[in-house]
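1. 3D model of this:
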Amino acid sequence: MFKIKGLKSKSILLAVMLATPMLANAAGDIAAGKAKAAICAGCHGSNGISVIDGYPNLKGQNAKYIENSLKAFKNKSRTGGQSALMYPMAGLLSDADIVNVAAYFNSLK
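-> Numbers count the residues shown, from 1 in each chain. Purely as a prediction, here's the structure:
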C-alpha cells in the first residue's frame, strides 16, 4: 500500500476516485448503443456502412460528431439534405441513448 501525506494529496486522490465513474460513463455504453442503433440500420446499414447511396457511413465516425448531429436533428436545428427524415428518428432517442449510439458507431473499426 502507499501513504499519502497532507490534506492536499488526499483531496486530489479523492477527486480522482470520484471522477473515475463519470469518465468511464462519458464514453457511453456500447452494448446499449448497439441495441438502440437497430433503428439506424435501415439507412446506415447494420454494420454502419450505408445501404443507400448518398447517406453517410457511421462506422468509426467520431462519437462527438454523431452526438452533436443527433442532438441537432432532435431539436430540428439541423436542416438541409435529408434532415426531415432524421427528425423523427432522433426524436426517439434520449440524451443517454444518443451518447450510447455514438459510442457504438465509433467503436466499429
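2. next helix or strand past the strand or helix carrying residue 70?
-> Element membership of residue 70 [criterion: DSSP states H and E] is helix 63-74. Going down the chain from helix 63-74, the next helix or strand is helix 83-91, by DSSP H and E.
3. in that next one, what counts as buried?
-> 86, 89-90 (16 or more other Cβ atoms under 10 Å). The C-beta positions use only the backbone N, C-alpha and C, and glycine is treated the same way.
4. Using a markdown table, lay out those residues together with distance to residue 77 and pLDDT.
-> As requested, those are arranged in a markdown table below (distance: Cβ to Cβ, whole Å; pLDDT from 0 to 100):
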| residue | distance to residue 77 | pLDDT |
| --- | --- | --- |
| 86 | 12 | 98 |
| 89 | 15 | 97 |
| 90 | 11 | 98 |
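5. For this structure, just list every one of the strands.
-> Assigned strands in the chain: none (criterion: DSSP state E).
6. which regions of it lie under the pLDDT threshold?
-> For the chain, the stretches flagged by pLDDT under 70 are 1-26.
7. show me where it has helices.
-> 7-26, 30-36, 41-44, 63-74, 83-91, 95-107 (DSSP state H).
8. before we move on, the earlier item: of the buried residues of helix 83-91, just say which sits nearest to residue 108.
-> residue 89 (18.5 Å; Cβ to Cβ).
9. check contacts around that closest one.
-> Shown in contact with residue 89 (Cβ atoms under 8 Å, 6 or more residues apart in numbering): 39-40, 73.
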